[in-house]
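# A structural model of the following input is requested.
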Amino acid sequence: MAIEHVTDQNFGQETAEGLVLADFWAPWCGPCKMIAPVLEEIDGEMEEKVQIVKLDVDENQETAGKYGVMSIPTLLLFKDGKVVDQVVGFQPKEALVDLINKHAS
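As a prediction, this is how the structure comes out:
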């Protein structure tokens with residue numbers, strides 16, 4: 001599965017089932033640009049375990065506000081619609097893989 005760009009309108013349904021890593025980002029954010037290729041790699045290697053979605057916080061402030069996103073990038077890990085983990089800022093690939101594996105059952 002490719003990384004999907006989501007909006008305030010479809011965020012809830014896209015994170016409702018299974019394990020979903022949501023990347024809250026903005027086009028002007030340097031660390032967001034750094035983490036994007038890391039997420040692409042993870043998507044290619046772990047697509048059977050996790051779906052990755054990206055939400056532009058500038059265009060979708062309602063969802064960012066709902067989850068209390070104050071800094072970007074913020075990555076929220078959802079399991080069947082509930083937040084089970086969160087990381088803020090750039091993370092190396094290994095840390096994100098560990099985070100996903102911790103919740104993949």
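# ranges for the strands of this structure?
Here the chain has its strands, by DSSP state E, at 4-6, 19-25, 51-56, 74-79, 82-88.
# which one of these is the most hemmed in?
Of these, the one with the most neighbours on average (mean count of other C-beta atoms under 10 Å) is strand 19-25, at a mean of 23. (Glycine included, C-beta is placed from N, CA and C.)
# Which elements pack onto it?
For strand 19-25, the helices and strands in contact under the criterion 3 or more C-beta pairs under 8 Å, 6 or more residues apart in numbering; DSSP states H and E are helix 30-46, strand 51-56, strand 74-79, helix 93-103.
# measure the closest residue to residue 49 other than its chain neighbours to residue 19 for me?
Leaving aside its sequence neighbours, residue 49 sits nearest to residue 104 (C-beta to C-beta, 6 or more residues apart in numbering; 4.5 Å). Residue 104 sits 6 Å away from residue 19, taking C-beta to C-beta, to the nearest Å as the criterion.
# likewise residue 102?
Residue 102 is 10 Å from residue 19, where distance means C-beta to C-beta.
# Next, count neighbours for the nearest residue to residue 12 once chain neighbours are set aside.
Using C-beta to C-beta, 6+ apart and skipping residues adjacent in sequence, the residue nearest residue 12 is residue 81, 7.6 Å away. The local packing count at residue 81 equals 12, with neighbours defined by other C-beta atoms under 10 Å.
# quick one: residue 81 and residue 18 touch, right?
No - with contact defined as C-beta atoms under 8 Å, residue 81 does not count as touching residue 18 (9.5 Å).
# Contacts only, for residue 7.
With contacts defined as C-beta atoms under 8 Å, 6 or more residues apart in numbering, the neighbours of residue 7 are 55, 59, 60, 63.
# Quick check: closest non-adjacent residue to the most centrally placed residue in the chain.
Of all residues in the chain, the one closest to the mean position by C-alpha atoms, centre = their mean is residue 22, 2.0 Å from it. Computed as C-beta to C-beta, 6+ apart, the closest residue to residue 22 that is not its neighbour in sequence is residue 76, at 4.7 Å.
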